[in-house]
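*Asks:* predicted model and sequence below, questions to follow.
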Amino acid sequence: MPLHLPTDFPDNPLIRVGLSVGLVAGMSWYMLALAIFYLITKMTLRRPLPVVLLLGAALSITGTLFQDVIFGQQPKLFRCLIFFLIGVRMKDQIMGFARAATTTRAAFLGAAYLAGATAMHGTNNFVLPVDMVAVAFGVTLCQVIATRWAVVMEPARWMAGLTLPVYLIHFPLIHALAWLGDRFLPQSMLGNFWIGLIAPTLSVPVLIVASLAIFRLLSSIGAGWLFDLPFERPASPPAPEPLIASQPQPSQT
C-alpha cells in the first residue's frame, strides 16, 4: 500500500505495517459501523419505537452540529444509525411506502431533495430532513422504474441479493481506483472540472464489477462466510416478499 511517507521517515518494517493496518482500518470504518448498528439495534429491540427513533435523531443532529469537532468517521456513524434503526424496526411501513410509489410522488420528492441539497451546497454538511427526503426519493424512484420497465426487474432482483458484498468490498476499491487515477492519469485530466463531475458516475460500474469478482473469488475458496449476516440462517429461508404484486391472469371462458 502506498503510504507517501516523507523520505526521512524511519525505515522500520513494524512501523510501516502498523501504519498500513491503520489505513485499512480507517478505510473500513463502515464495517465497524455495521457491527455497532447491529448491536445497538439488537439491544433496543424491546424499547418503544418512538424512543429509539428519538435517540437516532438526536445522534444524527449531534453528528451534524459537531462534525468539525468529533474525531474521524464518528459523525458519519451518528448520522447513519437512524436509517439502520428504521430499516429494522419499520420494514413493513417501508415496503408499504414503496408499493404505493407513483411518478407524481417521485417528482415531488426529487424536487424537494434538489431544493434541500441546493440549500446545503457549500456548507460541507448534512441535515437529517434532507437525508430522509433523499432516501424516500431513492426508494420511490426505484419502485417507479421497476414498475414501468419490467425489463429491469430480473437484473434488479439479482443485484438486490448481492448488495451486502458490494457494500463491504467497494470502499477499499474506491481508494485503489483513486490511487490508480492519481498515478497514471495526466494532470490535465485530474484538474479538469468536468472529469471530476462525471468520474464518480463512470466509476460505479467498475466498482460493482470488481466487487462482485472479488466476492466470487472469495466464495470459490471457501471464504463466503465473511459475508454472512450475524445470525443463524434458517434451513430453508422464506422467499422474499415482492414489492410489485403479480398481475391477475385474465379468465378463460
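*Replies:* Good, I have the coordinates.

*Asks:* give me the distance from the strand or helix carrying Trp194 to the chain's centre.
*Replies:* Using DSSP states H and E, Trp194 falls within helix 193-220. Centroid displacement of helix 193-220 relative to its chain, using C-alpha atoms, centre = their mean, to the nearest Å, is 14 Å.

*Asks:* before we move on, what about stretch 61-71?
*Replies:* That offset, for stretch 61-71, works out to 20 Å (C-alpha atoms, centre = their mean).

*Asks:* and the contacts of that stretch?
*Replies:* Applying C-beta atoms under 8 Å, 6 or more residues apart in numbering, the contact partners of stretch 61-71 are Gln74, Pro75, Lys76, Leu77, Phe78, Arg79, Asn125, Phe126, Val127, Leu128. Quick note: C-beta positions are derived from backbone N, CA and C, even for glycine.

*Asks:* what about 7 Å?
*Replies:* With contacts defined as C-beta atoms under 7 Å, 6 or more residues apart in numbering, stretch 61-71 is touched by Pro75, Phe78, Arg79, Asn125, Phe126, Val127, Leu128.

*Asks:* what's the closest of the residues you listed to Pro205?
*Replies:* Of all the contacts of stretch 61-71, the one with the least separation from Pro205 (C-beta to C-beta) is Phe126, at 26.1 Å.

*Asks:* list the residues that contact the closest one.
*Replies:* Neighbouring residues of Phe126 by C-beta under 7 Å, 6+ apart: Thr64, Arg79.

*Asks:* return the distance of it relative to Gly222.
*Replies:* For Phe126, the distance to Gly222 equals 40 Å [C-beta to C-beta, to the nearest Å].
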